[in-house]
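In: Need the 3D shape of this:
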Amino acid sequence: MANNSRTRRRERDDDHPAIWVGYGKLVKLFRERAKMTQVQLADSNGYSCEQVASIEQGRRPAKAAFTEAAERVLDGRGALAVLQEDVDWAKLPAFFRDFAVIEAEAVSRFSYDPLLVPGLLQTEEYARALFTAHCPPLPDEMIEQHIEARLSRQRLLSKTPPVDLSFIIGESVLRNALCGRDAMRAQLEHLLKAGAQRNVEIQIMPEAVGFHPGLNGPMVLLETLEHRQVGYIESQEVGVVLTDPGQVSAFSLRYGKLRSQALNAGESAGLIKRLAGEA
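Out: Here you go, the predicted structure:
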């Protein structure tokens, strides 16, 4: 009977990222050592008892605020804090995680996005509109997790030392107010702020340019800490990391041509500013 119970528990655990389950077990261990109930832990950090139970069972990821409070109340000595980045990472869609690990350590990142504002440049409202419209519909809790993970990835823009970031965005993306007019205006203004950073370059690919090498779809080029070139393509929630030198070389060639055909950074900022005024 005990073996069957452990098997069922492992099957339930497999439904959630292992890091959430491990983090939750650690919280429970620290709480019991401190001789606190879930209610007492919840009361001490402003969470509900149900939220604490969900975190301990690995059903819900801990936010940074919970970790900070738990470290203080349970005397975690950094054991929980050191796991927070991995807990956040596991909020990402499963198909994207391998790429996200490489992206987090990249020294340069170049991307072409013809359909949507790149995730690294999205406002919370824009990201929420995308995840809310997901087909099939996502549970509310998963929507919030995906939004948190996407916003957390944006730390790459202000990382030290700076990461060299280049974004080429299709002009039609700027005109598609999928999150509503006011939110889209805020998104365009956000692009202008991001583009003003010295390590970020944003170029717009005009609709009237005609044929260009990006018509086959979006792509990302990364340079790793070891100065290896890595490519990434994604469509319909299928992501593929490319390391074959020939394939990555072709991506690099295409991206170079895209940069030459897109508006330069100044012209792009002017177009974004004009469209923001019209939104």
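
In: any weak-confidence spans in the chain?
Out: Residue ranges of the chain with pLDDT under 70: 1-15, 279.

In: which stretches of it form helices?
Out: Residue ranges of the helices in the chain, as given by DSSP state H, are 2-13, 18-33, 38-45, 49-56, 64-74, 84-89, 97-104, 124-132, 140-153, 171-175, 181-195, 245-261, 265-278.

In: Ok, which of those helices comes nearest residue 110?
Out: With C-beta to C-beta as the measure, helix 245-261 is the member of the helices of the chain nearest residue 110 (5.5 Å). In short, each C-beta sits where N, CA and C put it, glycine included.

In: hang on, the earlier thing: make TSV from the helices of the chain and add distance to residue 163 to it.
Out: Shown next, in TSV, are the helices of the chain (distance: least, C-beta to C-beta, whole Å):
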stretch	distance to residue 163
helix 2-13	35
helix 18-33	24
helix 38-45	34
helix 49-56	32
helix 64-74	22
helix 84-89	17
helix 97-104	9
helix 124-132	20
helix 140-153	12
helix 171-175	22
helix 181-195	13
helix 245-261	16
helix 265-278	17
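
In: Of all these, which one is nearest residue 217?
Out: The closest of the helices of the chain to residue 217 is helix 245-261. By C-beta to C-beta, the value is 10.8 Å.

In: The helices of the chain: which one's closest to residue 116?
Out: Checking those against residue 116 by C-beta to C-beta gives helix 171-175 as the closest, at 6.1 Å.

In: Mind listing residues that contact the closest one?
Out: Residues from elsewhere that reach helix 171-175 (C-beta atoms under 8 Å, 6 or more residues apart in numbering): 113-117, 188, 204-207, 271-272, 275.

In: Same question for stretch 44-60.
Out: Identification of contacts with stretch 44-60 by C-beta under 8 Å, 6+ apart yields 13, 16-17, 20-25, 27-28, 31, 36, 38-39, 41-42, 61-62, 65-66, 69-70, 73, 141.

In: do the same with stretch 89-108
Out: Stretch 89-108 has contacts (C-beta under 8 Å, 6+ apart) with 17, 19-20, 61, 109, 145-146, 148-149, 152-153, 156, 163-166, 220-225, 227, 230, 232, 234, 237-239, 241.

In: Keep only those of the residues you listed that are in strands.
Out: The strands, defined by DSSP state E, take in 109, 164-166, 220-223, 230, 232, 234, 238-239, 241 from those.

In: Of all residues in the chain, which one is nearest the centre?
Out: With distances taken as C-alpha atoms, centre = their mean, the residue of the chain nearest its centroid is residue 150 (2.7 Å).

In: dump the residue contacts of it.
Out: Counting by C-beta under 8 Å, 6+ apart, the residues that residue 150 touches are 119, 122, 127.

In: ditto for residue 68
Out: Going by C-beta under 8 Å, 6+ apart, residue 68 touches residue 81.

In: in stretch 90-98, what's buried?
Out: Residues of stretch 90-98 classed as buried: 90-92, 96 (neighbour count, 16 or more other C-beta atoms under 10 Å).

In: Would you mind measuring the gap between the ends of it?
Out: Chord length of stretch 90-98, first to last residue, is 11 Å (C-alpha to C-alpha, to the nearest Å).
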